[in-house]
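1. This is the structure alone, sequence omitted:
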């Protein structure tokens, strides 16, 4: 049966309705986006030009920064430009494209964070075999698998979405395209699609979060037998990663493991993981990591 789509343009309600508040938001979110691009870009440049940052941990960190740049750029530029205009529109095809890349980079980040936790587990619990287990070919396979996992997840989401008919309302109650707000505009019952999204997004985030927590429990148990200095050094390398995991997974689980709603606080939670977390990650990793800070100083000295 042919899918009927009378809707070609969608209108965002935005984050706030007041024009003055939107101008204030523009003044806040534009510098945040620029900081995200510069901070993550600097980490990628530093890691790829510094010989002292050649370990697998930094290889994964450079890919995480690349994902953060792509992830934030999927949503934020469109949102920021819309803050200065009354009509915040996007084509239906553009909306579906945004959903695809938003979920692609989001799940790729989840998988990369899991890979980084595994790297820390091997480094702390199996230090004598670390370079054998985390060889360069293995690292490449893990990174490629993370990107492919994000692609596979996103294809499933889009195959669900493109089959829905859109023939009536075209106002999407959000500041970017996501599945649950878009489903509310479909001219058919989307209960089954909502369950699939719940399983494909919420449960994925929850399962990997539990896996990450379990890996750090194992690490903490292993550290009981080490010296105070050994525990301090090991925990310092994990603290940044744990912080990033909590900042990313907390809002995502909150949104995807509960019934969808139109509350403003849901949009504010989305702001946290689309703009705040990608900006904070470079700060978190550099402030707690002397090697990265020293490499950045050397890079700055060369420039």
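-> Cool, got the structure. What you see is a predicted model, and the numbers here were worked out from it, not measured in a lab.
2. How about the secondary structure of residue 11?
-> Following DSSP: H, G, I helix; E, B strand; the rest coil, the label given to residue 11 is strand.
3. Could you pull up the residues touching it?
-> Residue 11 makes contacts with 87, 88, 89, 170, 171, 172, as judged by CB atoms under 8 Å, 6 or more residues apart in numbering. For every residue, glycine as well, the C-beta is placed using N, CA and C.
4. What distance do you get for the closest residue to the first one other than its chain neighbours to residue 204?
-> The shortest distance from residue 87 to any non-neighbouring residue, by CB to CB, 6 or more residues apart in numbering, is to residue 11 (7.0 Å). Going from residue 11 to residue 204 by CB to CB, to the nearest Å gives 30 Å.
5. hey, which helix is longest across the chain?
-> Looking across the chain with DSSP state H, the single longest helix is helix 92-125.
6. Now do that one, average pLDDT.
-> For helix 92-125, mean pLDDT is 92.
7. Go through it and flag the buried ones.
-> 92, 95-96, 98-125 (16 or more other CB atoms under 10 Å).
8. burial count for residue 272?
-> The number of residues packed around residue 272, counting by other CB atoms under 10 Å, is 17.
9. Show the model's pLDDT score for the nearest residue to it once chain neighbours are set aside.
-> Closest residue to residue 272 apart from its sequence neighbours, by CB to CB, 6+ apart: residue 251 at 4.9 Å. Looking at residue 251, its pLDDT reads 81.
10. residues contacting residue 251?
-> Applying CB under 8 Å, 6+ apart to residue 251 gives the contacts 269, 270, 272, 273, 277.
11. most surrounded residue in the residues you listed?
-> Among those, residue 277 has the most neighbours (other CB under 10 Å), with 24 neighbours.
12. what separates that residue from residue 113, distance-wise?
-> Noted for residue 277: a distance of 11 Å to residue 113, by CB to CB.
13. Give the burial count for residue 174, as a bare number.
-> 20.
14. Specify the angle between the host helix or strand of the residue nearest to residue 272 and helix 92-125 in degrees.
-> Using DSSP states H and E, residue 251 sits in helix 228-256. Between the axes of helix 228-256 and helix 92-125, defined by axes from the mean of the first three to the mean of the last three CA atoms, to 10 degrees, the angle is 160 degrees.
15. Which SSE is immediately downstream of helix 228-256?
-> helix 264-271.
16. ok, and for that following helix, which residues are buried?
-> Residues 266, 267, 269, 270, 271 are the ones in helix 264-271 that count as buried (16+ other CB under 10 Å).
17. For that helix, name the packing helices and strands.
-> For helix 264-271, the elements it packs on are helix 228-256, judged by 3 or more CB pairs under 8 Å, 6 or more residues apart in numbering; DSSP states H and E.
18. Please work out the angle formed by the directions of the helix it packs on and helix 264-271.
-> Interaxial angle of helix 228-256 relative to helix 264-271 (the same axes, to 10 degrees): 130 degrees.
19. residues of helix 228-256 that come out buried?
-> 231, 234, 237-238, 240-242, 244-245, 247-256.
20. How far does it sit from its chain's centre?
-> A distance of 15 Å separates the centroid of the chain from that of helix 228-256, by CA atoms, centre = their mean, to the nearest Å.
21. and residue 102, how far is that from residue 60?
-> For residue 102 relative to residue 60 (CB to CB), the value is 22 Å.
22. cool, and residue 101?
-> Here the distance between residue 101 and residue 60 works out to 21 Å (CB to CB).
23. In stretch 70-79, which residues have enough neighbours to count as buried?
-> By 16+ other CB under 10 Å, the buried positions in stretch 70-79 come out as 70, 71, 72, 73, 74, 75, 76, 78, 79.
24. What strand or helix carries the first one?
-> Here residue 70 is covered by helix 56-82, with elements defined by DSSP H and E.
25. which helices and strands sit right next to that helix?
-> On a contact count with 3+ CB pairs under 8 Å, 6+ apart, helix 56-82 meets helix 19-49, helix 92-125, helix 136-161, helix 277-287.
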